[in-house]
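> Have a look at this fold, sequence not included:
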């Protein structure tokens, strides 16, 4: 056991989630992260964080399942010696398509992971944070949840819902010393965006006032700020990391 803080990050095996795990490990936090599939990527995240001198635990879990969320939280609490100091709800999926052609299961799958999974994790972790009368919860929303986007009605609904839950829980937990905030990334360089055609990338750039694509580090730094001591008087807010897309 150490006196280091413990951060629990969902969807931490790659992309933004991995960058968040690494950044919080750099800040000296022990890390528990979940992954749904891809053990090799999870092991890479584990090694990258461990190299920074912190303890790391990877847990396979599907956040759309409330029982698996409860198990993940229980393992994190045990690993952290009875507490979780930071929760980052990063796990998410997208199943894009025009509304008129979207199947029920495509809508439901996105809501189950992005919205309900975030709720399950906040509900479970907040109980332990209330007992400690301190904590930081950071939820991953999206610029799409702020302004909408054609072809992403399910994703937009889930990410707008995350913002609503963030503001509501912030009001519930503020008197207990717990902050609840959201980060809303814009167009960020990830494995998914790297597969886009140059034409699609150019089209996306036209909607970004800064005329450049963001990095996972841009998002991770915002999360680390909201997870740190210096953000103690900030709660219920949405920090857009989007190069100005939401203006």
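Arrived safely, thanks for sending. Keep in mind that this is a model prediction, so the values were computed, not measured. Numbering: from 1, shown residues only.

> Can you pull up the most central residue in the chain?
Geometric centre of the chain, nearest residue: residue 90, 2.0 Å, by C-alpha atoms, centre = their mean.

> ok, now which ones touch that one?
The contact partners of residue 90, taken as C-beta atoms under 8 Å, 6 or more residues apart in numbering, are 9, 10, 11, 12, 16, 17, 20, 140. Heads up, the C-betas are built off the backbone N, CA and C, glycines and all.

> Residue 222 now?
Applying C-beta under 8 Å, 6+ apart, the residues contacting residue 222 are 183, 239, 241.

> quick one: average pLDDT of the helix or strand harbouring the first one?
Secondary structure here is read from DSSP states H and E; on that basis residue 183 sits in strand 178-185. pLDDT averaged over strand 178-185 equals 98, rounded to a whole number.

> now the helix or strand following that strand, how far from the chain's geometric center?
Sequence-wise, the next helix or strand downstream of strand 178-185 (DSSP H and E) is helix 191-194. In terms of C-alpha atoms, centre = their mean, to the nearest Å, the centre of helix 191-194 is set 18 Å apart from its chain centre.

> Name the residues that touch helix 191-194?
With C-beta under 8 Å, 6+ apart as the test, helix 191-194 has contacts from 14, 15, 94, 187, 201, 213.

> Redo those residues as a markdown table? Include secondary structure, neighbour count and distance to residue 221.
Putting those into a markdown table (DSSP: H, G, I helix; E, B strand; the rest coil; neighbours: other C-beta atoms under 10 Å; distance: C-beta to C-beta, whole Å) gives the following:
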| residue | secondary structure | neighbour count | distance to residue 221 |
| --- | --- | --- | --- |
| 14 | coil | 17 | 18 |
| 15 | helix | 20 | 15 |
| 94 | coil | 18 | 23 |
| 187 | coil | 19 | 17 |
| 201 | helix | 14 | 23 |
| 213 | coil | 18 | 16 |
